[in-house]
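# Show me how the following folds:
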Amino acid sequence: MKKIVISTGGGDAPGLNAVIYAVVRSCYKRGWEVYGSRSGYKGLLDLDELVRLEIADVDGIYSMGGTIIGSTNKGEPFNMPIKNLAGEIQVVDVSDKILRNFKRMGFDCHIAIGGDGSLEIARKFAEKGMPVIGVPKTIDNDLEATDRTFGFDTAVATATEALDKLHSTAKSHDRVMVVEVMGRDSGWIALYSGISGGADVILIPEIPFDMEKVCEKIMDNALREKDYAIVVVAEGATALGGEVISKGSGELGRSEVLLGGIGEWVASEIRERTEKDTRSLVLGHLQRGGSPTTFDRLLAMRFGAAAVRLVEKGEFGHMVALASPHMSSVPLEDAVKSRKKVDMQSDKVLTARDIGICLGD
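Residues are numbered from 1 along each chain as shown. Now for the predicted structure:
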């Protein structure tokens, strides 16, 4: 009998519970025990935060958003901010304690569900000797080693539905609506939702945009008796010669900046240059919430079941990956090597250009 521990780290994504559901049911079919580590590695740092997961605990959770064991993007184990007795914040490495607790509990494998940040942590633990299997999770779809990550399809569906609703209000008031979506420095959500939601302009990080081109498209709409426009902006998009707009730095011990603000900047520029009534909207964490789509639900379950099969084969230090139409695995170091960018020659980009969408270039 094997003993497995699961953790979910980083930002939440629709489909996390579906992975947990598949892991637990696949393990119990084999007669294995499963535990959940609350809030990322908190359960392995404080054993009181470990929870035994039985079949009854996961009944029906595949359709629920969020994660029943909680997640966090704070407190990276190799650089964790902790208050000392003097009340000062110190950054310490608690990975050895986590590894000791892992061994003390008799776990045979850790299934780490997360994006590039969480999987990088998992890779470090694998280097320290922990048997780890990674499961790719991110709404941004920016992991190079898998064709798709779960959570992306639901995020795109949420953004597309928002764009559908904005068309009517934009048309009613002859407005330009600028919608900022997530994606960090990859434009997948903006591109997919922008095309599907009938956007006039899509601005993605892979193409530094020219505001003159953007405004030309909007004014061209007016010449064609379309007095409104929908502009979709990825949070990591930048103007030619400009810098990424952010809200500042992240948590202590994390180098990544908190992106946001580009939508309002673009709206302000359009308002000033065209004198059109322009409003901005940030979808933000709406894209992370809600029940997963059928595609994400099924993909998440396939990932969870595939992870258990890797445990059975002893193929540790790997991440499960979708190599359509099959499930495969890749070494964790390859999984976090680089982020997946939108290919400028992809059929999605070509489709956007062919149907008259401005990409800012």
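
# The closest residue to Met80 other than its chain neighbours: neighbour count?
With sequence-adjacent residues excluded and distances taken as CB to CB, 6 or more residues apart in numbering, Met80 is closest to Val94, at 5.1 Å. Heads up, the C-betas are built off the backbone N, CA and C, glycines and all. If you count neighbours by other CB atoms under 10 Å, Val94 ends up with 17.

# try Phe102
Residues near Phe102, counting by other CB under 10 Å, number 23.

# Local confidence estimate at it?
What the model reports as pLDDT for Phe102 is 96.

# Doesn't it lie inside a helix?
Yes: checked against DSSP: H, G, I helix; E, B strand; the rest coil, Phe102 lies within a helix.

# Low-confidence stretches in the stretch 101-250 of the chain?
248-250 (pLDDT under 70).

# And the helices in it, which stretches?
With helices called from DSSP state H, counting those that start in this stretch, the stretch 101-250 of the chain shows them at 116-127, 152-173, 188-196, 211-223.

# Just the buried residues of the last one, please?
Neighbour-count burial for helix 211-223, counted by 16 or more other CB atoms under 10 Å, picks out 211, 214-215, 217-218, 221.

# Also the longest one?
Within helix 152-173, the residues scored as buried using 16+ other CB under 10 Å are 152-160, 162-163, 166, 170.

# follow-up on the earlier one: which phi and psi does the residue nearest to Met80 have?
With angles defined as degrees, to the nearest 10, Val94 sits at phi -110, psi 20.

# In contact with it, which residues?
Each residue near Val94 by CB atoms under 8 Å, 6 or more residues apart in numbering is listed here: 45, 77, 80, 82.

# Tell me which stretches of the stretch 251-361 of the chain form strands.
257-259, 278-282, 318-323, 326-331 (DSSP state E, counting those that start in this stretch).

# quick one: strands adjacent to the shortest one?
Just to be clear, that refers to strand 257-259. Strand pairing for strand 257-259, determined by DSSP bridges: strand 246-249 (antiparallel).

# Equivalent analysis for the last one, please.
Sheet pairing for strand 326-331, assigned by DSSP bridges, gives strand 318-323 (antiparallel).

# mean confidence score for the strand it pairs with?
In this model, strand 318-323 has a mean pLDDT of 96.

# Just want the angle from that strand to helix 116-127.
Angle between the axes of strand 318-323 and helix 116-127 is 140 degrees (criterion: axes from the mean of the first three to the mean of the last three CA atoms, to 10 degrees).

# i'd like the first residue to be 814 from this point on
Taking 814 as the first residue, the last one we looked at is strand 1131-1136.

# List of residues touching strand 1131-1136?
By CB under 8 Å, 6+ apart, the surrounding residues in contact with strand 1131-1136 are 932, 946-949, 958-961, 1112, 1115-1116, 1119-1120, 1123, 1140-1145, 1148.
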